[in-house]
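Q: Turn this into a structure:
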Amino acid sequence: MQNRGKPETATIDVTSMGNAIIDVLWQSPESAIDDYGLNKGTMTLIDEARAEFLTSVMGVDKLMESGGSAGNTAVGLAGLGARAAYVGKVKDDELGQAFQDSLNHTGAQFDVPFSADGPATARSLIFVTPDGQRTMNTFLGASTRLAPADIDEALIAGSAVTYMEGYLWDQPEAKDAFRLAAKIAHQNGRLTSLSLSDPFCVDRWRGEFIDLIEHGLIDIIFANQDELKSLYQTDDLNVARDQARASNAQIVALTLGYEGSEILVKGHDDISVPVVEVVKRVDTTGAGDLYAAGFLFGFVRGKDLETCGLYGSRAAAAVIQRVGARLKKDDLRAVTAA
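A: Just a heads-up that it's a prediction; the model follows:
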């Protein structure tokens, strides 16, 4: 793929768009899944009352940090040395200010105006069981109020890649915001990217995601095998691969868990990326988000696509060996090591 979004003329390498959420992580006992009626290994949307209850049952050793899927990607990109920006919505409250401070502290730019009224800043309550599985319960709060008015045209026009998480697609105004951002990006010779995020997310918005792809609004797709099979409504991964190759997306970065990842490139042979060894799976929170960060970092730095996939795999492998979705300095150095 020749066009990399013209990073040499960009002021930002990657702008990530998503639900601005404070992550609250707790290493819970397995029994918590049944005790509190949780759907293990998935993301469930909850209301404010349920959020208050689940927060109250979490242990005092819970970890809090700014997050959200695209937020994790932005932090990963900034840590790797990319010029990263973030677009999302928080309320003008304590958690909203904490979110902005936390994100800016990592080096990622976040300047979207706060909501003055309406629901509180969003949070995701993540129960991490001993097997490393993450069970997410998310109160979307103020994050659902992202609108076209929040899109800074100069920011998107100056970003080599604009990346969106699929979770953002639940609100009409947020959809309009991304469509506007995609239009601005393409008018300026930049690229767009979409993470499918979760099979449940694909089930809800399959038709609209396919419409985005087939109308050329998405250049790069990030998906795991379950998400890709859900997108094309098949249990056969080979069928899903064929559909992805035939789509209007230029690149599909497909993660395969213990089998590494594949890069499907329109008009070219697939690229296989070997798995990166994991000593112990501690917490899978952010694995896909950090894969995208590593891949996109290599992409805007002009690396070949196999190296981009390797950077993604290294970042994902590192983050699942710790609690939370942020990498330490040694991890970040290892992502791009020769």
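Q: From residue 138, how far off is the residue of the chain most remote from its centre?
A: The centre of the chain is farthest from one residue, residue 35, which by CA atoms, centre = their mean lies 29.3 Å away. If you measure residue 35 against residue 138 using CB to CB, to the nearest Å, the figure is 19 Å. Yep, even glycine has a C-beta here, placed from its N, CA and C like the rest.
Q: burial measure for the closest residue to residue 119 other than its chain neighbours, as a count.
A: Closest residue to residue 119 apart from its sequence neighbours, by CB to CB, 6 or more residues apart in numbering: residue 141 at 4.2 Å. Using other CB atoms under 10 Å, residue 141 has 27 neighbouring residues.
Q: ok, now the one 3 residues further on?
A: Number of residues near residue 144 (other CB under 10 Å) recorded here: 18.
Q: For it, give me its contacts.
A: Taking CB atoms under 8 Å, 6 or more residues apart in numbering, we find residue 144 in contact with 19, 89, 119, 122, 170, 171, 174.
Q: quick one: which of these is nearest residue 145?
A: residue 89 (4.9 Å; CB to CB).
Q: from memory that closest one sits against residue 149, does it?
A: No: using CB atoms under 8 Å, residue 89 is not in contact with residue 149; the gap is 10.5 Å.
Q: Neighbour count for the two, which is higher?
A: residue 89 (28 against 11).
Q: and that one, what helix or strand is that in?
A: Here residue 89 sits in a region with no helix or strand, counting by DSSP states H and E.
Q: next SSE after the lowest-mean-pLDDT helix or strand in the chain?
A: Every helix and strand of the chain was ranked by mean pLDDT, DSSP states H and E. The lowest is strand 63-67, at a mean of 84. Next along the chain after strand 63-67, taking DSSP H and E as the criterion, comes helix 69-80.
Q: hey, C-alpha coordinates of that following helix in PDB?
A: What follows is helix 69-80 as a C-alpha-only set of coordinates in PDB (Å, rounded to 0.1, in the frame of the first residue of the first chain):
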ATOM      1  CA  SER A  69     -10.600   1.200  23.500                       C
ATOM      2  CA  ALA A  70      -9.400   4.100  21.300                       C
ATOM      3  CA  GLY A  71      -8.000   5.800  24.300                       C
ATOM      4  CA  ASN A  72      -5.800   2.800  25.000                       C
ATOM      5  CA  THR A  73      -4.600   2.900  21.400                       C
ATOM      6  CA  ALA A  74      -3.800   6.600  21.700                       C
ATOM      7  CA  VAL A  75      -1.800   6.100  24.900                       C
ATOM      8  CA  GLY A  76       0.100   3.200  23.300                       C
ATOM      9  CA  LEU A  77       0.900   5.300  20.200                       C
ATOM     10  CA  ALA A  78       2.100   8.200  22.300                       C
ATOM     11  CA  GLY A  79       4.300   5.800  24.400                       C
ATOM     12  CA  LEU A  80       5.900   4.400  21.300                       C
END
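Q: Pull the residues that contact the very next helix or strand once past that helix.
A: Once helix 69-80 ends, the next helix or strand along the chain (criterion: DSSP H and E) is strand 84-87. For strand 84-87, the surrounding residues in contact (CB under 8 Å, 6+ apart) are 12-18, 20, 70-71, 74-75, 77-78, 103, 107-110, 112, 146, 150-152, 155, 159, 177, 181.
Q: of those, buried ones?
A: For the contacts of strand 84-87, a neighbour count by 16 or more other CB atoms under 10 Å gives the buried set as 12-18, 20, 70-71, 74-75, 77-78, 103, 107-110, 112, 146, 150-152, 155, 159, 177, 181.
Q: Could I get the contacting residues of residue 23?
A: Taking CB under 8 Å, 6+ apart, one finds 63, 64, 65, 66, 67, 68, 123, 124, 126, 285, 324, 325 in contact with residue 23.
Q: what about 6 Å?
A: 65, 67, 124 (CB atoms under 6 Å, 6 or more residues apart in numbering).
Q: Which single one of those residues is nearest to residue 194?
A: Nearest member of the contacts of residue 23 to residue 194, counting by CB to CB, is residue 67, at 19.0 Å.
Q: Kindly tell me how buried the closest one is, as a neighbour count.
A: 30.
Q: any idea how far it is from residue 326?
A: 9 Å.
Q: ok, now residue 317?
A: Residue 317 is 15 Å from residue 326, by CB to CB.
Q: Contacts for the helix or strand where residue 213 lies, please.
A: According to DSSP H and E, residue 213 maps onto helix 199-214. Helix 199-214 has contacts (CB under 6 Å, 6+ apart) with 166, 167, 169, 196, 218, 226, 227, 230, 231, 247, 248, 249.
Q: Would you list the buried entries among those residues?
A: 166, 167, 169, 196, 218, 227, 230, 231, 247, 249.
Q: can you redo the residues you listed as a markdown table with pLDDT and secondary structure?
A: Listed next are these as a markdown table, based on pLDDT from 0 to 100; DSSP: H, G, I helix; E, B strand; the rest coil:
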| residue | pLDDT | secondary structure |
| --- | --- | --- |
| 166 | 95 | helix |
| 167 | 91 | helix |
| 169 | 92 | helix |
| 196 | 97 | coil |
| 218 | 98 | coil |
| 227 | 97 | helix |
| 230 | 97 | helix |
| 231 | 98 | helix |
| 247 | 97 | coil |
| 249 | 97 | coil |
